[in-house]
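Novice: got a structure for you, letters missing:
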């Protein structure tokens, strides 16, 4: 499959979830207009996105939901369990342990790391907490390739050498620090303050 | 100011934060290359973004940090306090109350709403929790225009009429449901499972 744009890739899980809901309701086909109303993405964008996967809807017929679901399921690796580790069990880290991506069938936080001796060696929200000093060895022992970072900002950069040594392939970074790390490691930044500030920016500029 | 692209708007808080750090270190000017290394955005993108604000760097001189900071500060409304409300005090909602955007000087969660009688009427993580049935009246009484939604997915759509009636202007939506609501209300969707799935998608496609 050819490389698809990042914006399109970000919409894949959304399409997958809604198509699954339509499928569960017994629907066999869907038009880009119907899907557009559900997912709140304009239908031209949906058609362009789908064309990247070679899915061509037919006028007056729409897209075959089962075909799309099978394709998305494979593409999103829904068929294998993806284990991840959480680094930093503070407020946000704790919430993520609790949350533990329960909406998803194939993602699970299997290990957490922290420096707090009160929780090291315990099972926290169902997940074992290891000492931060064991990060590299434990990630390798558990064959975990994806980590979520929720440590204090001053600690982020110091994780880089250990993550590189442990052959980590992907990082979901909840801090506002941009990590300087091996460029082969994929980084997805989720900055909650940023998201809210962007929203506020839009509200104020459209008020004027 | 002309309308700037959404991707650019999302980078504004990031630029602002890093420029502030450079400013605090006593730096007066910065080149797009230096800034690029810090924020991990390529320098051509930075130059294009900055051109939207009429900020033109000079070759061999760079951008004036103080000028940019003042501009960004105003644009991001850093000078006024933005109060927000949290709807849904479950795991994620609780974490957000704890987190309360402390990194930001001008954003504060001032009210929370839930249906759980055990917490209604209490101060939770420093924030008063109101009964969900008071949503519309309380938002208006407190003049809150921005809400964060962390309710169960089945409850999301039922909030729409009350949010419209309360004249809410912006929604930060942490659920995976796309809300059907007055199109004048700005919506920023943050779907944590989506973010992780997108990351995993990239890891798997680049492995092949």
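Specialist: Yes, it's here. Not measured: the values here are computed from a predicted model. Residues are numbered from 1 along each chain as shown, chains lettered A, B, ... in the order given.
Novice: Break down chain A into its strands, ranges please.
Specialist: All strands of chain A, identified by DSSP state E, fall at A:29-30, A:63-64, A:82-87, A:107-114, A:123-124, A:127-131, A:146-149, A:170-173, A:186-189.
Novice: Which residue ranges make up each domain of chain A?
Specialist: Domain assignment for chain A by automatic domain parsing gives A:6-75, A:82-194.
Novice: any chance of the strands of chain A in CSV, with mean pLDDT and mean neighbour count too?
Specialist: Yep, even glycine has a C-beta here, placed from its N, CA and C like the rest. CSV is the format used below for the strands of chain A (pLDDT from 0 to 100; neighbours: other C-beta atoms under 10 Å in any protein chain shown):
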stretch, mean pLDDT, mean neighbour count
strand A:29-30, 90, 18
strand A:63-64, 90, 19
strand A:82-87, 93, 23
strand A:107-114, 93, 21
strand A:123-124, 88, 14
strand A:127-131, 94, 18
strand A:146-149, 96, 24
strand A:170-173, 95, 23
strand A:186-189, 92, 18
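Novice: In CSV, list the ones you listed along with distance to residue B:99.
Specialist: CSV is the format used below for the strands of chain A (distance: least, C-beta to C-beta, whole Å):
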stretch, distance to residue B:99
strand A:29-30, 38
strand A:63-64, 40
strand A:82-87, 15
strand A:107-114, 17
strand A:123-124, 18
strand A:127-131, 20
strand A:146-149, 15
strand A:170-173, 15
strand A:186-189, 16
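Novice: returning to that earlier point: which among the domains of chain A is found nearest to residue B:97?
Specialist: domain A:82-194 (8.9 Å; C-beta to C-beta).
Novice: what's the offset of that closest one from the middle of its chain?
Specialist: 13 Å (C-alpha atoms, centre = their mean, to the nearest Å).
Novice: My read is that residue A:124 contacts residue A:109, right?
Specialist: No. Counting by C-beta atoms under 8 Å, residue A:124 stays clear of residue A:109, with 10.3 Å between them.
Novice: Next, show the common contact partners of those two.
Specialist: residue A:97 (C-beta atoms under 8 Å, 6 or more residues apart in numbering or on different chains).
Novice: gap between the nearest residue to residue A:69 once chain neighbours are set aside and residue A:31?
Specialist: The shortest distance from residue A:69 to any non-neighbouring residue, by C-beta to C-beta, 6 or more residues apart in numbering or on different chains, is to residue A:19 (5.4 Å). Distance, residue A:19 to residue A:31, using C-beta to C-beta, to the nearest Å: 12 Å.
Novice: These two: which has the busier surroundings?
Specialist: Comparing residue A:19 with residue A:31 by other C-beta atoms under 10 Å in any protein chain shown, the one with more neighbours is residue A:19, at 23 against 18.
Novice: The more buried one contacts residue A:72, doesn't it?
Specialist: Yes. Assessed by C-beta under 8 Å, residue A:19 is found in contact with residue A:72 at 6.9 Å.
Novice: and residue A:140, how many residues sit next to it?
Specialist: Around residue A:140 there are 13 residues (other C-beta under 10 Å).
Novice: Not counting its neighbours along the chain, what's nearest it?
Specialist: residue A:166 (5.3 Å).
Novice: The one you found contacts residue A:139, correct?
Specialist: Yes. With contacts defined as C-beta under 8 Å, residue A:166 counts as touching residue A:139 at a distance of 4.0 Å.
Novice: of these two, who's got more company?
Specialist: Higher neighbour count among residue A:166 and residue A:139: residue A:139, with 24 against 20, using other C-beta under 10 Å.
Novice: Of all the residues in chain A, which one is nearest chain B?
Specialist: Going by C-beta to the nearest C-beta, chain B is nearest to residue A:95 of chain A, at 2.7 Å.
Novice: Nearest residue to that residue in space, ignoring adjacent ones along the chain?
Specialist: Residue A:95's closest residue in space is residue B:95 (C-beta to C-beta, 6+ apart), at 2.7 Å.
Novice: Tell me who's in contact with that neighbour.
Specialist: So residue B:95 contacts A:91, A:92, A:94, A:95, A:96, A:98 (C-beta under 8 Å, 6+ apart).
Novice: what residues are shared contacts of residue A:166 and residue A:139?
Specialist: Common neighbours of residue A:166 and residue A:139 (C-beta under 8 Å, 6+ apart) do not exist.
Novice: Quick check: residue A:199 touching residue B:172?
Specialist: Yes. Shown here, residue A:199 and residue B:172 form a contact pair, counting by C-beta under 8 Å, at 5.7 Å.
Novice: and for those two, which residues touch both?
Specialist: With C-beta under 8 Å, 6+ apart as the test, residue A:199 and residue B:172 both reach B:146, B:188.
Novice: And the residue nearest the centre of chain A?
Specialist: residue A:172 (7.2 Å; C-alpha atoms, centre = their mean).
Novice: do you know how far residue A:121 is from residue A:19?
Specialist: 43 Å.
Novice: let me redo that: residue A:55
Specialist: From residue A:55 to residue A:19 the distance is 11 Å (C-beta to C-beta).
Novice: Tell me which residues touch residue A:33, please.
Specialist: Contacts of residue A:33 by C-beta under 8 Å, 6+ apart are residue A:43.
Novice: Could you measure from it over to residue A:46?
Specialist: In terms of C-beta to C-beta, residue A:33 sits 9 Å off from residue A:46.
Novice: Next, the angle from the lowest-mean-pLDDT helix or strand in chain A to helix B:192-207.
Specialist: When each helix and strand of chain A is scored by mean pLDDT, DSSP states H and E, helix A:192-207 comes last, with a mean of 80. Angle, helix A:192-207 to helix B:192-207, by axes from the mean of the first three to the mean of the last three C-alpha atoms, to 10 degrees: 110 degrees.
Novice: Understood, closing this out.
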